[in-house]
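Participant: The sequence and its predicted three-dimensional model are supplied below.
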Amino acid sequence: VTYRPGAVVRRFTEDANGITLHLEDGSDIQGSRAFLGAGVLETARILLASRPATGSLTLRDSQQAFLPTLHRWPAPRRPDRGDFHTLPQIFVEIDSPDISPHLVHSQVYTWNEYFPRDLTATHGRKLPGSGPALAALARRLVVAQTFLHSDHSHRIGLRLSPDGRLVATVQRNPETDQTMSRALRLVSTALRSGGLLPLRFAARHGAPGASFHVGASVPMSATPQDGQSDRLGRPHGLSRLHLIDASSLPAIPATTITLGVMANAHRIATAAL
């Protein structure tokens, strides 16, 4: 492996003899194959710049919402004193055909230093002098970040502007809000059974595109057509370029996708080489 720092790819061209990467500094890199994993937005930009006839791509999102809860048990010590981290403590998977044929995924976070800042910024001005009370309330907060499958989520259309930047357009899914409301109701029931008090009235829905579960802009298919890729991540019409990030996933599940993306990239590279 030869690592080339600062080598920014602007576009690529492919022919029967190989593939050429055209860099920002005007130089080229040639090879027999290229594996593109620049993250779903930059991958989309490179694809659109290299194949202008494509016109646009559509990112599939996993819609998210934040459900605050309060724990009702006495804590052995204050959570804001001592060592702590901001990683989720629990994953909750809900399998309910009444809501979705796919899993609903929740990541449960205990205290972190963002909680009191957010409470104060949201409610402090309306309640002068409430800072200490809000800080104490924040120490009892447990937040469930809930995700839906991309079939129930908004999508984001991407096209390339004349100056080379991506332009995003939200494609709203009319069933997203209702599906999320049903999902939060069931998540609340599950968390309540664990001793938490869900505050559904304070649930905060994420904006389209705010999720970090996103991709499937050139989804894999056994029989790919325009806008799709084959099982080796090659966009329809190309034979030497392989998409190895979340761009080639067939859909975006509600559950975490990182390990799945890594495994798929390993599979593609192993089979292609």
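Facilitator: Nice, I can see it.
Participant: Every contact and neighbour count from this point should use C-alpha atoms.
Facilitator: Noted.
Participant: So which residues of the stretch 151-273 of the chain form helices?
Facilitator: With DSSP state H, counting those that start in this stretch, the ranges of helices along the stretch 151-273 of the chain come out as 176-193, 258-272.
Participant: Let me know which of those is tucked in deepest.
Facilitator: Of the helices of the stretch 151-273 of the chain, the one with the most neighbours on average (mean count of other CA atoms under 10 Å) is helix 176-193, at a mean of 17.
Participant: Which residues outside it are in contact with it?
Facilitator: Residues from elsewhere that reach helix 176-193 (CA atoms under 8 Å, 6 or more residues apart in numbering): 63, 65, 67, 94, 99-100, 104, 106, 146, 148, 152-154, 197-198, 200.
Participant: any idea of the pLDDT on the residue most central in space within the chain?
Facilitator: The centroid of the chain falls nearest to H213 when counting by CA atoms, centre = their mean (1.7 Å). In this model, H213 is scored at 91, pLDDT.
Participant: Setting the sequence-adjacent residues aside, check what's closest to it.
Facilitator: Nearest in space to H213, with sequence neighbours left out and distances taken as CA to CA, 6 or more residues apart in numbering, is S62 at 5.5 Å.
Participant: how about that neighbour, what does it touch?
Facilitator: S62 neighbours (CA under 8 Å, 6+ apart): 147-150, 152-154, 211-214, 252-254.
Participant: Relative to M262, how far out is it?
Facilitator: 18 Å (CA to CA, to the nearest Å).
Participant: now swap in L36 and tell me
Facilitator: In terms of CA to CA, L36 sits 13 Å off from M262.
Participant: between these two, what contacts are shared?
Facilitator: Taking CA under 8 Å, 6+ apart as the contact rule, L36 and M262 both touch D245.
Participant: among the contacts of S62, which are in strands?
Facilitator: If you go by DSSP state E, those have 147, 214 in strands.
Participant: Please spell out the ChimeraX selection for the buried subset of the contacts of S62.
Facilitator: Listed next is the ChimeraX selection for buried residues among these, using 16 or more other CA atoms under 10 Å:
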select :147,148,149,150,152,153,154,213,214,252,253,254
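Participant: need the contacts of S62 in a markdown table with distance to T58, can you?
Facilitator: A markdown table is the format used below for these (distance: CA to CA, whole Å):
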| residue | distance to T58 |
| --- | --- |
| F147 | 19 |
| L148 | 18 |
| H149 | 15 |
| S150 | 12 |
| H152 | 15 |
| S153 | 12 |
| H154 | 10 |
| S211 | 15 |
| F212 | 16 |
| H213 | 14 |
| V214 | 11 |
| I252 | 12 |
| P253 | 16 |
| A254 | 18 |
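Participant: Name the nearest of the contacts of S62 relative to L160.
Facilitator: L160 has its nearest neighbour among the contacts of S62 in V214, at 18.8 Å by CA to CA.
Participant: Contacts only, for that closest one.
Facilitator: For V214, the contact set (CA under 8 Å, 6+ apart) comprises 40, 59-62, 246, 252.
Participant: Let's see which of those residues end up in strands.
Facilitator: Counting by DSSP E, those contribute 59-61 to strands.
Participant: any chance of those residues in a markdown table, plus distance to S239 and neighbour count?
Facilitator: Listed next are the ones in strands among the contacts of V214 as a markdown table, based on distance: CA to CA, whole Å; neighbours: other CA atoms under 10 Å:
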| residue | distance to S239 | neighbour count |
| --- | --- | --- |
| L59 | 22 | 28 |
| R60 | 24 | 31 |
| D61 | 27 | 30 |
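Participant: would TSV of these with pLDDT and distance to G129 be doable?
Facilitator: Shown next, in TSV, are the ones in strands among the contacts of V214 (pLDDT from 0 to 100; distance: CA to CA, whole Å):
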residue	pLDDT	distance to G129
L59	96	45
R60	96	44
D61	95	40
